[in-house]
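> Using only what follows, build the 3D model:
(2 chains)
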Amino acid sequence: MDWHQQYIGKVKHAVFHTQKTGRKRVVVSTEENVIASLDLRHGEIFWRHVLGINDVVDGIDIALDVITLSSDGSTLRAWNLPDGQMVWESFLRGSKHSKPLLLVPTNLKVDKDSLILVSSKGCLHAVSSIDGEILWTRDFAAESVEVQQVIQLDESDQIYVVGYAGSSQFHAYQINAMNGELLNHETAAFSGGFVGDVALVSSDTLVTLDTTRSILVTVSFKNRKIAFQETHLSNLGEDSSGMVEILPSSLTGMFTVKINNYKLFIRLTSEDKLEVVHKVDHETVVSDALVFSEGKEAFAVVEHGGSKVDITVKPGQDWNNNLVQESIEMDHQRGLVHKVFINNYLRTDRSHGFRALIVMEDHSLLLVQQGKIVWNREDALASIIDVTTSELPVEKEGVSVAKVEHSLFEWLKGHMLKLKGTLMLASPEDVAAIQAIRLKSSEKSKMTRDHNGFRKLLIVLTKARKIFALHSGDGRVVWSLLLHKSEACDSPTELNLYQWQTPHHHAMDENPSVLVVGRCGVSSKAPAILSFVDTYTGKELNSFDLVHSAVQVMPLPFTDSTEQRLHLLVDDDRRIHLYPKTSEAISIFQQEFSNIYWYSVEADNGIIKGHAVKSKCAGEVLDDFCFETRVLWSIIFPMESEKIIAAVSRKQNEVVHTQAKVTSEQDVMYKYISKNLLFVATVAPKASGHIGSADPDEAWLVVYLIDTITGRILHRMTHHGAQGPVHAVLSENWVVYHYFNLRAHRYEMSVTEIYDQSRAENKDVLKLVLGKHNLTAPVSSYSRPEITTKSQTYFFTHSVKAVAVTSTAKGITSKQLLIGTIGDQVLALDKRFLDPRRSINPTQAEKEEGIIPLADSLPIIPQSYVTHSLKVEGLRGILTVPAKLESTTLVFAYGVDLFYTRLAPSRTYDSLTEDFSYALLLLTIVALVAAIFVTWVLSEKKELREKWR
Amino acid sequence: MKKKLPLFALFLFFFSLLLFCHSSLAFESDELLVDDEEFGLEGGSKPQIKPHEPAPTRSTTTTTRRKVSDQDSDSKIQFSLEHAFGDSDFVPAGTFSARLKTSSHGGQTLTKLRFSRNAFTGEDKEKFEKLLQDDDFYRIRLPSNTVSPPGRDYIISSVKARCLPREGLDEHFVIHMEGVNILAVNYGAFGACSYPRQLKLPHKWSFNSHTVLKNSEQAPRAPIFAEEVLGENGEGEIIPPPERSFWAKYWMYLIPLGLIVINAVTQAMNMPEEGVQGGGQTQQSAAAIQRGTGSAVRRR
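This is a model prediction of the structure:
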């Protein structure tokens, strides 16, 4: 019923661990700030740690333990290699920001203690690998030197530290690594200035660029002397116009320069001359140098050739020689190769073999050995941006002949396998195949719609621009699609998923599709990209590069005859663009022209504005689908006292079953249900930092409920001494929000419910019978609302990462709040606990109604964790989707991990449980029928006897 | 007692001081103004146009009060309301005047808000009629800072013009304040304005304005359970909840029972006609009849 999947994210660094510990592992750090140890044979996770969002891993290495440098070079940690327990943690202080560098010299060992050198925050620290003790520190920031490289000299305990002061002064320090003693300090000025990365070519030579980015500067600091040598890129026969940068690499005697779309491999000859060794396109990737057997070096080059990827392992310094050349078939859905790490092993014939760990454009991780992909991990799923769901196809009654013919062979094969299985002849692969077939045909993972609506496709959009369809039954990937990249756009980013077409009623033959909105570039003014993806086949139906941007996307509640939903895209000039661009859509839109309103929240400015459609765009190009808008209302928060930190609106597709709430006094309260409700939370600017940065007296939290049509503030309330972060959920007529109370030093959750007073008179039955009520009158935002609000506040133990609310098909089932706690678990909390009508001792009638006696804090019942004992590491969002069965809701929680389950907040009152004994029911019926028959016969006999008497 | 008396005297003294001085100087409540200060109901048009309206008298009272307040640290401020018909430019349409109160801890608040609206000119009237015809928006704006208008920007609010006409033109302002800043203004009709909006011209072309100043409410604190509260609880629990009447409790059983009884009785009524005696109910009823006749006999 529920499944849990673990991921790590896109790999940044990988360190192989190939010591004689039987199992071979690779330790990786990823862009999701995960440190993980993976099994080299199967790609499974041995252990894994998810660091915080701000704890970005800068470097990773192995020195007895796994050493990681993170948080911009300020945290150094050691993790036990076999089980991932943290051994020690050191905080490195420094004054200035500088490039964080981690170096574990191989030869500086005293007993088992090896030295770790860390350059961060303007200082160089030497740390003991046993207990993380800082042995010595040297402050280079004091001498205003920015450290660029820490170089270990071979076979000695001396190190070189090189850096710049300003942009033109070069410094080289020779330091005794054991005690930090400065042995020598040389400095020299270079008139051209330095820019960008440095590439270390040998232990005493490095290459960098001058400020014009057209000259390569070779710096050698041999024999206590610094010498510069300039080589013009044009002298190497290369056009130096465009973007030139030196790529960080660790090849000996060679370095890589990227110029526009291609890469140059340049070698330093023995006469200190530079020469171009090879020129490749930018898609080619080179690994770091690997030292194997007696100081031999090797590196891997990965090139693309059509649908194949060529991996060549070359010995260091010799481009024309290949140690290994392999070519593997690569799924084009994986995109380009982004990174490669190599590792060597001893073959059975005692020669050296190489395996490569490849990171692809779609964030997947592959291990390639002997020209085969040994395993792959779909780690794009660790970085989900948006999720939506799609129904599965309806099960067809008649199956077409072609399908039968196709499946006949499969069917036969399946039966052969099963036969083998029963006769105990099956090999392990066969057993696995049988398992797969069983799983496929099992009820929960079928590829068709089920009666209860439990089976669905979860369509997820990831940071890698890859879309996955996961089957809700077992979480397997049904299809995946790397979005097409157009020539016009270099660095597209994807933003959101929308349901474009959800066929039902008519247009049943169409496949459902989703709309993916992205933009070309990072800024919100960048032009938008639209892609349409079929959710059954996973094919990209269409893709447009738009001329305008998309700051906001609004699905409208209208669909055209093919069930395509109308969408409005708002650009940065506040014009709206209608999609799909059909005449039918425009005619539908024209009818509702005057009833379309939208709002924008400018969190940085502290302004919320409401807009309406005004007229068609007036431009040089006549565009029927573009409309001008005008500002209808605005709310301006004073910058000095309020800062917007949260804005939450109701889910568009939420269903409310009943408008009225009957209280215990036989009284009726009408819920104020409006789709146009916006919850906004503002805090004092002083208190907008992290908790503890402000005094309770200077901190406050103001919450608003705003009608987005008229800009009316329906409810406004101040929590003194409270501060964010605020997590809120708005549903039906209530809002629940979570924040920190500085006075009580605890987290709190508040609930506010809104009731409509204008309908409160409709209590009289007679009035209802005679039709003298205003219940059927259309509700207008322009009427003056007569509302009352009720609020209450409770303490809550945890801090919260995400809040969601269960949603069911008809909205009858009572609601549960799903709270993503700081421990990366999902807690289901009954909404009844967050009822503003709770009182200290409820009357008997109130108790019957289900009101819980008031308590100051919300209970956390261990059984109500829907994730059980599992953790959804790095939890970011919780999605709830109604099943067709009213009592049940589907919950999908995502972060670095994925978790899916089914919930029934009021138990499954509308279906029999899975362990219901049908046999007993049948038996009872049979017994009853038998009993009836027997008694009938008996009574007949008795009657006969009576009559004879 | 000895100690309490001087304290009491001191209190009296302060109280008298309070009486002498105006409220704003001596005692400044730090309580947030939860209640809406509702003012207005002022004649929309200028007094010289309609001198018979009660508005002028009201304004005179305010001026006298203002004289008193002039002695205090309060100052009077004015800010203007501007309006626009549809997409036209904003033009001044009226003035708000209020007193700026400076509280002891430096916070400033507005009180005693007055509003006087300029009368519609003939041109305005035409424009407004056009709005009514088109079902378009009538827009207003206020400065976001009342002390140094317009502050960061203007606060805009709009309403469909067709919502306003009643007898005259009814308008309702709710101005949300934060110190001297205006956060938002909710502008609209005084009552309901349900969709579809009917085209209706006002009888009088004068505004009937209502203004409300609103400040933020204090949130209720999380309940904290102290000992004594719990004690009260205990007491409270001893008092039994009011017993509901027998009927209220068991009506759902009584009605079917009643129906059964009625059913049985009708059956019993039918039975004697057939001349068969049987069944407890009928026996009883028969007995009752006998008794009835018996008593009747006795009476005779």
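> From now on I want contacts and neighbour counts done on CA atoms only, so please keep to that.
OK.
> For the stretch 151-300 of chain B, what lies in contact range of chain A?
B:153, B:155-160, B:163, B:178, B:181-195, B:216-225, B:233, B:236-237, B:241 (CA under 8 Å from any CA of the partner chain).
> Narrow these to those that are buried.
For these, a neighbour count by 16 or more other CA atoms under 10 Å in any protein chain shown gives the buried set as B:153, B:155-160, B:163, B:178, B:181-193, B:216-219, B:222-223.
> Restricted to strands, list these.
B:155-160, B:178, B:181-188, B:217-218 (DSSP state E).
> Do a quick rundown of the helices in chain A.
Assigned by DSSP state H, the helices in chain A fall at A:401-422, A:428-441, A:583-591, A:765-770, A:844-849, A:918-948.
> and the closest residue to A:Ile576 other than its chain neighbours, bridged to which residues?
The spatially closest residue to A:Ile576, leaving aside those adjacent along the chain, is A:Val570, at 4.4 Å (CA to CA, 6 or more residues apart in numbering or on different chains). On the basis of DSSP bridges, A:Val570 is bridged to A:Gln552, A:Ile576.
> Is A:Val570 in contact with A:His577, as I believe?
Yes: using CA atoms under 8 Å, A:Val570 is in contact with A:His577, at 6.4 Å.
> ok, for B:Asp136, nearest residue in space, not its chain neighbours?
Closest residue in space to B:Asp136, ignoring its immediate chain neighbours: B:Lys160 at 5.6 Å, by CA to CA, 6+ apart.
> what's that neighbour in contact with, if anything?
The contact partners of B:Lys160, by CA atoms under 8 Å, 6 or more residues apart in numbering or on different chains, come to A:Tyr782, B:Asp135, B:Asp136, B:Phe137, B:Tyr138.
> And the pLDDT at it?
B:Lys160 carries a pLDDT value of 87.
> and the gap between it and A:Lys671?
25 Å (CA to CA, to the nearest Å).
> Check A:Pro842 too.
A:Pro842 is 22 Å from A:Lys671, where distance means CA to CA.
> So which of the two has more stuff around it?
Neighbour count, other CA atoms under 10 Å in any protein chain shown: between A:Pro842 and A:Lys671, A:Lys671 has more, with 22 against 19.
> Count the neighbours of the nearest residue to the more buried one once chain neighbours are set aside for me.
The shortest distance from A:Lys671 to any residue other than its chain neighbours is 4.5 Å, reached at A:Tyr755 (CA to CA, 6+ apart). Residues within reach of A:Tyr755, counting by other CA under 10 Å, total 22.
> Show me what A:Tyr755 is bridged to.
Bridge pairing for A:Tyr755 - DSSP bridges - gives A:Lys671, A:Thr788.
> So it sits against A:Ser791, correct?
No: using CA under 8 Å, A:Tyr755 makes no contact with A:Ser791, being 11.4 Å away.
> re earlier: who touches the residue nearest to A:Ile576 in this structure?
For A:Val570, the contact set (CA under 8 Å, 6+ apart) comprises A:Ser549, A:Ala550, A:Val551, A:Gln552, A:Val553, A:Ile576, A:His577.
> how about the residue nearest to A:Ile636 when sequence neighbours are not counted, what does it touch?
The shortest distance from A:Ile636 to any non-neighbouring residue, by CA to CA, 6+ apart, is to A:Ile607 (4.7 Å). Taking CA under 8 Å, 6+ apart as the contact definition, A:Ile607 lies against A:Val601, A:Ser634, A:Ile635, A:Ile636, A:Phe637.
> Which pair of the residues you listed spans the longest distance?
Across the contacts of A:Ile607, the longest distance by CA to CA is 11.4 Å; it joins A:Val601 and A:Phe637.
> Looking at the two, which one has more neighbours?
A:Phe637 (24 against 17).
> From A:Lys661, how far off is A:Val668?
Separation of A:Val668 from A:Lys661 (CA to CA) stands at 6 Å.
> Between the two, which is the more surrounded one?
A:Val668 (17 against 13).
> pLDDT score for the more buried one?
pLDDT, A:Val668: 82.
> measure it to A:Val662 for me?
For A:Val668, the distance to A:Val662 - CA to CA - is 5 Å.
> Count the residues that sit near residue 171.
Unless you meant another one, I'm taking chain A. Number of residues near A:His171 (other CA under 10 Å) recorded here: 21.
> wait, I meant chain B there
B:Glu171 has 21 neighbours, counted by other CA under 10 Å.
> do the same with the one 4 residues further on
Other residues within reach of B:Ile175 by the criterion other CA under 10 Å amount to 20.
> Likewise for the one 4 residues further on?
A count of neighbours around B:Gly179, defined by other CA under 10 Å, yields 19.
> Check B:Leu110 too.
The burial count for B:Leu110: 23, using other CA under 10 Å.
> Contact partners for it?
Taking CA under 8 Å, 6+ apart as the criterion, B:Leu110 is in contact with B:Ala98, B:Arg99, B:Leu100, B:Lys101, B:Gly179, B:Val180.
> residues in contact with whichever residue of the stretch 751-900 of chain A sits closest to chain B?
Residue nearest to chain B within the stretch 751-900 of chain A: A:Ser783 (4.0 Å; CA to the nearest CA). Contact analysis of A:Ser783 by CA under 8 Å, 6+ apart lists B:Gly188, B:Ala189, B:Phe190, B:Gly191, B:Ala192, B:Cys193, B:Ser194.
> if you set the cut-off to 7 Å instead, what comes out?
B:Ala189, B:Gly191, B:Ala192, B:Cys193, B:Ser194 (CA atoms under 7 Å, 6 or more residues apart in numbering or on different chains).
> Confirm for me that the third one is in contact with A:Arg784.
Yes: under the criterion of CA atoms under 7 Å, B:Ala192 is in contact with A:Arg784, at a separation of 5.7 Å.
> Tell me the spacing between A:Ala36 and A:Met86.
A:Ala36 sits at a distance of 13 Å from A:Met86 (criterion: CA to CA).
> The residue nearest to B:Asp136 bridge partners, please.
In this structure, B:Lys160 bridges to B:Phe137 when assessed by DSSP bridges.
> Over to the one 5 residues further on?
Beta-bridge partners for B:Pro165, by DSSP bridges, are B:Leu169.
> Any stretches of the stretch 751-900 of chain A with poor pLDDT?
Along the stretch 751-900 of chain A, the parts satisfying pLDDT under 70 run over A:762-777.
> Return the residues of it in contact with chain B.
A:778-780, A:782-784, A:792-795, A:843-844, A:856 (CA under 7 Å from any CA of the partner chain).
> Selecting buried members of these in PyMOL, what would you type?
With 16+ other CA under 10 Å as the criterion, this PyMOL line picks the buried residues out of these:
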select buried, chain A and resi 779+780+782+783+784+792+793+794+795+843+856
